[in-house]
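A.B. asks: Got a sequence here, can you build the structure:
(2 chains)
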Amino acid sequence: MTRILIRQGRLIDPESGLDEVGDLAVADGRIVQLGGTIDDFTPEQTIEADGQWVMPGLIDLSARLREPGQTRKADIASETRAAAAAGITTLVMPPDTTPVMDSPAVVEQVTHRAEQTAGARVVPLGALTLGLAGEQLSAMAGLAAAGCPAVSDGGRPVQDSQVLRNALDYACTFSLPALLTPVDPFLATGCLNEGPTATRLGLPGVPAAAETAGLGRQLAVAGATRARVHVGRLSSAEGARLLTGEQGHQRRLSADVAIHQLFLTDQDAMEYDTRFHLDPPLRDIVDRQALRQAVADRVIRIICSDHQPHDGDAKDGPFASTEPGASGIDTLLPLVLRLVEDEVLSLHRALATVTVEPARLLGLEGGRMAVGGAADLTVVDPVAPWFCTRETLKSRGHNSPFLGWEFSARATHTLVGGRLTHTDDRA
Amino acid sequence: MSVQIDAQGDLRHFLTTEGLDPRLLGRILDTAESFAGVLGKSVKTVPLLRGRTVVNLFFESSTRTRTTFELAAKRLSADVLNIAVDTTTTKGESLLDMLRNLQAMQADMFVVRHHQSGAAEYFARHVDPGVAVLNAGDGWHAHPTQAMLDAFTIRRHKGAFEPLRIAIVGDIRHSRVARSQIHAFNALGAGEVRVIAPDTLLPADVDTLGAQVYSDLNAGLRDADVVIALRLQRERMQGALLPGESEYFRHYGLTESRLRGAHPDAIVMHPGPINRGVEIDSALADGPRSVILDQVTNGIAVRMAVMTMVLGVRPDTPREAS
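C.D. replies: Reported below is the predicted structural model:
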């Protein structure tokens, strides 16, 4: 393993509150010295980080890598490479692959592929039910042993409340957090937020009630268990309000939001731009503001990219006939930092939402910067302006809703387990 | 949607009535008026689009709309190709591939009807420069030539739009006709546009389109000058949006007695095809107030007008065959 010295960067660790200029030494995949001037370390490689930020690599709580099953859209190799270039060191992968990650064999296949490519760590989530069909429990103990730190409904909520309750109880037995998708599919048959924009465009709407009806049922069922429940991809002000009230009773209840929900609204879909066809849909400016406030109030503690890369054909055609989802890996870090520029979050809090908070939820080692810890790090140039274009996107999915945006920050180096996975010395 | 307007402010495609300059809408009506004169004479054909090819591309079945587009094109001396696409048998070929193949046949204009909202705009964004797209109905979004032939019919019977109260009754939610009518009538200066429907058949925030919302038929029809019934599709009953046709007719069906509260000279319209005894009573549909058959006739002139405008051909300067 390479011995790397990162010199004179601004060391930022949201967990400990560390924020000072100094050196950081990496050996055998771990951080061996942190802070001050390090002169008793013989590096094989030195990174001059003067004027740059040195921080834990990002953990993206929801990234579809499309492998196995849809490798025409993307694969583990392409998306972990894209992650490295974007300062992300861990991608958490929902279980709705083909085949579904409901057996140790599939999980091991994914883990094996990830180890071969290794642009970033890949953390597979086990399926909550067999085939994500919502009928039978998956072999959760086996999934945990194969490396799944949690189980998830993979975007397909369990319809039968009794099955959901049993699944949560069973997950709790093995201390597995359960990641749920708050949606009532009967109300969610549309393709855009229900409201003036959908009405103008003549598109079937998805009311916020699709979220609250699903969320309310899941919270009620969760309250009858001791399970550690996390709800993913909140989209509405009403959903955030419902969650706030429930967190008074269920203290371990947590939630996340996709970063695009904090910047975009349904009006962006005017002119039928299919890049804004998302699930859950983009909502209105009141919802966007409420979600930003919920993140600031720590009702929502985690931000993810909800990365869903698509091939061109999947996004080509009349709006409703295209596949929902946005490619998000490339823009997660700069957008999170823009929340700091927009004075929604402090820098430490913003970074916590994509590092230590998801690490705590899943019990992962990364997401922190401490002596003895894994050297999952990223070095960021905070003043390296760039335009997001199809050419700059490293993900194979070019379906980014942020094409044409200008960002200020860029990852110049990324280390996973002490190994450099990305170097960009243009600065 | 600026894709339908060129840099000079002229109509390049006709996709929606939303956001269009009222003067442009007025020009469509005036041009249609000149063609309506042509239709009244014994010679019904003008050579304005001789040598041009119009492709009727219908992904949804239609008799009236396709036929009147075809007649309009033929009276302009264009060559017409009718293609009915059965989407159950053409799976696999993307819209874009289909469009490219048809363009290779050197079409000058596509008249597109599709079950997906935004399909016509999709075509307009992908055709070669110089090729025009007319929206003959896309999903629930727009049916602009229908709205303009309705406006034309209203103008012929009622004159100026300013004093008019226009009531649209029925399934607003799934209606591209209603959306295009609301935009067109408002742009043309209508005094008031009303929509009347049970809540299950109203789209969310329908008032933001520029319509007064009524769920009571009698209240909505009060003093109305124009009453437009929309077709009720049978599948609304399966979707749990309505209990049944008889209850619908009892509360929202148009009858002569229901129209007593409307203006004594109120006209009754319907974009067709009619479900008699469901949204409108036969006596009313066939009675003196009904202008339903005028609508069909006027559809030809309005479509002729739009076809010449999008190809930049003026009625007073007949174009030589190319």
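
A.B. asks: Kindly indicate whether residue B:313 is helix, strand or coil.
C.D. replies: coil (DSSP: H, G, I helix; E, B strand; the rest coil).

A.B. asks: Ok, residue B:297 next?
C.D. replies: Classified using three-state DSSP, residue B:297 is helix.

A.B. asks: burial measure for it, as a count.
C.D. replies: By the criterion of other C-beta atoms under 10 Å in any protein chain shown, residue B:297 has 14 neighbours. Quick note: C-beta positions are derived from backbone N, CA and C, even for glycine.

A.B. asks: got the contact list for the helix or strand hosting residue A:112?
C.D. replies: If you go by DSSP states H and E, residue A:112 is part of helix A:104-117. By C-beta atoms under 8 Å, 6 or more residues apart in numbering or on different chains, the list of residues contacting helix A:104-117 from outside reads A:67-68, A:76-77, A:80-81, A:93, A:97, A:99-101, A:121-122, A:124, A:126, A:139, A:142-143, A:145-148.

A.B. asks: and if we set it to 6 Å?
C.D. replies: A:76-77, A:80, A:99, A:101, A:122, A:124, A:142, A:146-148 (C-beta atoms under 6 Å, 6 or more residues apart in numbering or on different chains).

A.B. asks: Now the element after it, going C-ward?
C.D. replies: Of the helices and strands lying after helix A:104-117 in sequence (DSSP H and E), the nearest is strand A:121-124.

A.B. asks: Toward the C-terminus, what is the element adjacent to that following strand?
C.D. replies: strand A:126-127.

A.B. asks: The residue in chain B that chain A sits nearest to: what's it in contact with?
C.D. replies: Chain A sits closest to residue B:141 of chain B, with a gap of 3.1 Å, by C-beta to the nearest C-beta. By C-beta under 6 Å, 6+ apart, the contact set of residue B:141 is A:202, B:117, B:176.

A.B. asks: Export these to JSON lines and append columns for distance to residue A:113, pLDDT and secondary structure.
C.D. replies: As requested, these are exported to JSON lines (distance: C-beta to C-beta, whole Å; pLDDT from 0 to 100; DSSP: H, G, I helix; E, B strand; the rest coil):
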{"residue": "A:202", "distance to residue A:113": "43", "pLDDT": "97", "secondary structure": "coil"}
{"residue": "B:117", "distance to residue A:113": "40", "pLDDT": "97", "secondary structure": "coil"}
{"residue": "B:176", "distance to residue A:113": "47", "pLDDT": "97", "secondary structure": "helix"}
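
A.B. asks: what does the stretch 1-150 of chain B have sitting close to chain A?
C.D. replies: Contact residues, the stretch 1-150 of chain B versus chain A (C-beta under 6 Å from any C-beta of the partner chain): B:95, B:116-119, B:121-122, B:139-141.

A.B. asks: just to revisit the earlier point, if you rank the contacts of helix A:104-117 by neighbours, which is first?
C.D. replies: Most surrounded of the contacts of helix A:104-117: other C-beta under 10 Å gives residue A:101, at 29 neighbours.

A.B. asks: Name the helix or strand for the nearest residue to that residue once chain neighbours are set aside, please.
C.D. replies: In this structure, residue A:101 finds its nearest non-sequential neighbour in residue A:95, 3.8 Å apart by C-beta to C-beta, 6 or more residues apart in numbering or on different chains. Secondary structure from DSSP H and E places residue A:95 outside every helix and strand.

A.B. asks: how close does residue A:95 get to chain B?
C.D. replies: 29 Å (C-beta to the nearest C-beta, to the nearest Å).

A.B. asks: so what's that residue up against?
C.D. replies: A:101, A:125-127, A:152, A:154.

A.B. asks: Which one of those residues is nearest to chain B?
C.D. replies: residue A:154 (27.0 Å).

A.B. asks: my read: the closest one touches residue A:94, true?
C.D. replies: Yes - with contact defined as C-beta atoms under 6 Å, residue A:154 counts as touching residue A:94 (4.7 Å).

A.B. asks: what about the residue of the stretch 1-150 of chain A found nearest chain B, how many neighbours?
C.D. replies: Residue nearest to chain B within the stretch 1-150 of chain A (C-beta to the nearest C-beta): residue A:72, separated by 14.6 Å. Residue neighbour count, defined by other C-beta under 10 Å, stands at 12 for residue A:72.

A.B. asks: Also residue B:237?
C.D. replies: Other residues close to residue B:237 by other C-beta under 10 Å number 14.

A.B. asks: residues contacting the residue lying closest to residue A:268 once chain neighbours are set aside?
C.D. replies: With sequence-adjacent residues excluded and distances taken as C-beta to C-beta, 6+ apart, residue A:268 is closest to residue A:276, at 4.7 Å. If a contact means C-beta under 6 Å, 6+ apart, then residue A:276 has A:268-269, A:282, A:401 as its contacts.

A.B. asks: Run through the helices of chain A in chain order.
C.D. replies: Assigned by DSSP state H, chain A shows helices spanning A:76-85, A:104-117, A:140-146, A:161-173, A:196-201, A:209-223, A:237-247, A:285-296, A:332-341, A:347-352, A:356-362.

A.B. asks: okay, and for the chain, where does confidence drop off?
C.D. replies: In the absence of a named chain, this looks at chain A. Counting by pLDDT under 70, chain A contains low-confidence ranges at A:1, A:425-427.

A.B. asks: nope, chain B
C.D. replies: For chain B, the ranges with pLDDT under 70 are B:1, B:38-43, B:87-92, B:316-322.

A.B. asks: secondary structure class for the spatially most central residue of it?
C.D. replies: Nearest to the geometric centre of chain B sits residue B:146, at 1.5 Å (C-alpha atoms, centre = their mean). What three-state DSSP gives for residue B:146 is helix.

A.B. asks: would you turn the residues of the stretch 1-150 of chain B next to chain A into TSV with secondary structure?
C.D. replies: Shown next, in TSV, are the residues of the stretch 1-150 of chain B next to chain A (three-state DSSP):
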residue	secondary structure
B:95	helix
B:116	coil
B:117	coil
B:118	coil
B:119	helix
B:121	helix
B:122	helix
B:139	coil
B:140	coil
B:141	coil
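
A.B. asks: Which two of those residues have the greatest separation?
C.D. replies: Within those, B:95 and B:140 form the most distant pair, 18.2 Å apart (C-beta to C-beta).

A.B. asks: So for those two, which residue has more residues nearby?
C.D. replies: residue B:140 (26 against 23).

A.B. asks: Spatially nearest residue to that one (excluding sequence neighbours)?
C.D. replies: Among residues not flanking residue B:140 along the chain, residue A:202 sits closest, at 3.6 Å (C-beta to C-beta, 6+ apart).

A.B. asks: and if you look at residue A:103?
C.D. replies: residue A:139 (6.6 Å).

A.B. asks: what do you get for residue A:334?
C.D. replies: The nearest residue in space to residue A:334 (C-beta to C-beta, 6+ apart) is residue A:407, at 3.6 Å.

A.B. asks: hey, where'd the strands end up in chain B?
C.D. replies: With DSSP state E, the ranges of strands along chain B come out as B:53-58, B:79-84, B:109-114, B:132-138, B:165-169, B:192-196, B:212-214, B:226-229, B:267-269.

A.B. asks: And the last one, how far out from the chain middle?
C.D. replies: Its chain's C-alpha centre lies 15 Å from the corresponding centre of strand B:267-269 when counted by C-alpha atoms, centre = their mean, to the nearest Å.

A.B. asks: Summarise which helices and strands it is packed against.
C.D. replies: strand B:226-229 (3 or more C-beta pairs under 6 Å, 6 or more residues apart in numbering or on different chains; DSSP states H and E).
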